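Participant: Sequence isn't available, so here's the structure alone:
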């Protein structure tokens, strides 16, 4: 079945720096890749997603890139702010008829003022 | 309340107890999900329901029994749990469960402790 690896498990940056989180997936037919942010004690919330027919997507300070050949996708956060501190999860939707998501283990991002 | 709600928010139970977790979505979605979130582990999908029908059971032990009476409500019945079942149980919903994939909206979770 589908497997999603996420790195790094923890990431510490200074405010204003960029942060990059990387994920790899095993099912080459996966077609949907969302990123969720989970602040401490809160529910996961979608921050950006990308489909397999697109190589890059941007939303203000957040961007996601997808390399289908290498089966990896990355989250880029520029000009980080303390409120970006959270756990970030990548996910991939494997083949099949239903909206099943396989999640990575998560990256704990700390942005220091 | 809007979005996805879950009750109770916290639950402590003994291994011989029977309890139920409830999830309700007010978004008009057709698909609902149960996830288990443990420390140091990825979010684990447990069950998927589409239009009240179970479409995924991710090898979940029978001590967890889901019920979906309609597209807005989802229950997880718990019986004879083990301490290792202690975790945050998250419910989610999505507009549909088609081949393209789409956003899942999560509830706040139920923090379960099994003594």
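Facilitator: Received the coordinates, thanks. Model, not experiment: these values are computed from the prediction.
Participant: Chain A contacts on chain B?
Facilitator: Neighbours of chain A within chain B, by Cβ under 8 Å from any Cβ of the partner chain: B:4, B:31, B:40-45, B:48, B:50, B:55-56, B:90, B:94, B:96-109. Using the backbone N, CA and C atoms, a C-beta is placed for each residue, glycine as well.
Participant: Keep only those of those residues that are in strands.
Facilitator: The members of these that map onto strands under DSSP state E are B:4, B:31, B:44, B:45, B:48, B:50, B:55, B:56, B:90, B:94, B:105, B:106.
Participant: related to what we said a few turns ago, which of the residues of chain B next to chain A count as buried?
Facilitator: The neighbour count (16 or more other Cβ atoms under 10 Å in any protein chain shown) marks B:4, B:31, B:42-45, B:48, B:50, B:55-56, B:90, B:94, B:97, B:101-109 as buried among the residues of chain B next to chain A.
Participant: For residue 95, which non-adjacent residue is closest in space?
Facilitator: Chain wasn't specified; assuming chain A. Setting aside the residues directly before and after it, residue A:95 is nearest to residue A:29 in space (Cβ to Cβ, 6 or more residues apart in numbering or on different chains), at 4.3 Å.
Participant: The intended chain is chain B.
Facilitator: Nearest one to residue B:95, counting by Cβ to Cβ, 6+ apart, is residue B:29 at 5.3 Å.
Participant: Find the helix or strand that that neighbour is a member of.
Facilitator: Assigned by DSSP states H and E, residue B:29 falls within no helix or strand.
Participant: close enough to count as contact, it and residue B:91?
Facilitator: No: contact criterion Cβ atoms under 8 Å: residue B:29 and residue B:91 do not qualify, at 11.2 Å.
Participant: Neighbour count: the two, which is higher?
Facilitator: residue B:91 (28 against 19; other Cβ atoms under 10 Å in any protein chain shown).
Participant: from what I can see the more buried one touches residue B:34, true?
Facilitator: Yes: using Cβ under 8 Å, residue B:91 is in contact with residue B:34, at 6.0 Å.
Participant: Tell me the residue of chain A that sits nearest chain B?
Facilitator: Nearest residue of chain A to chain B (Cβ to the nearest Cβ) works out as residue A:32 at 3.0 Å.
Participant: Show me what that residue is bridged to.
Facilitator: Taking DSSP bridges as the rule, residue A:32 bridges to residue A:51, residue A:93.
Participant: pLDDT weak spots in chain A?
Facilitator: When residues are selected by pLDDT under 70, those of chain A lie in A:96-98.
Participant: and it, which of its residues are near chain B?
Facilitator: A:4, A:6, A:31-32, A:34, A:36, A:42-46, A:49, A:51, A:89, A:91, A:93, A:97-106.
Participant: Make a ChimeraX selection of whichever of the residues you listed turn out to be buried.
Facilitator: Selecting the buried subset of these in ChimeraX, with 16+ other Cβ under 10 Å as the burial test, is done by:
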select /A:4,6,31,32,34,36,43,44,49,89,91,93,98,99,100,101,102,103,104,105,106
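Participant: So which of the residues of chain A next to chain B sit within strands?
Facilitator: Per DSSP E, the residues of chain A next to chain B map to strands at A:4, A:6, A:32, A:34, A:36, A:45-46, A:49, A:51, A:89, A:91, A:102-103.
Participant: bridging residues for residue B:106?
Facilitator: residue B:92.
Participant: Distance-wise, check the spatially closest residue to residue A:36 that is not a sequence neighbour relative to residue B:33.
Facilitator: Excluding the flanking residues, the one nearest residue A:36 by Cβ to Cβ, 6+ apart is residue A:44, at 4.0 Å. As for residue A:44, its distance to residue B:33 is 12 Å (criterion: Cβ to Cβ, to the nearest Å).
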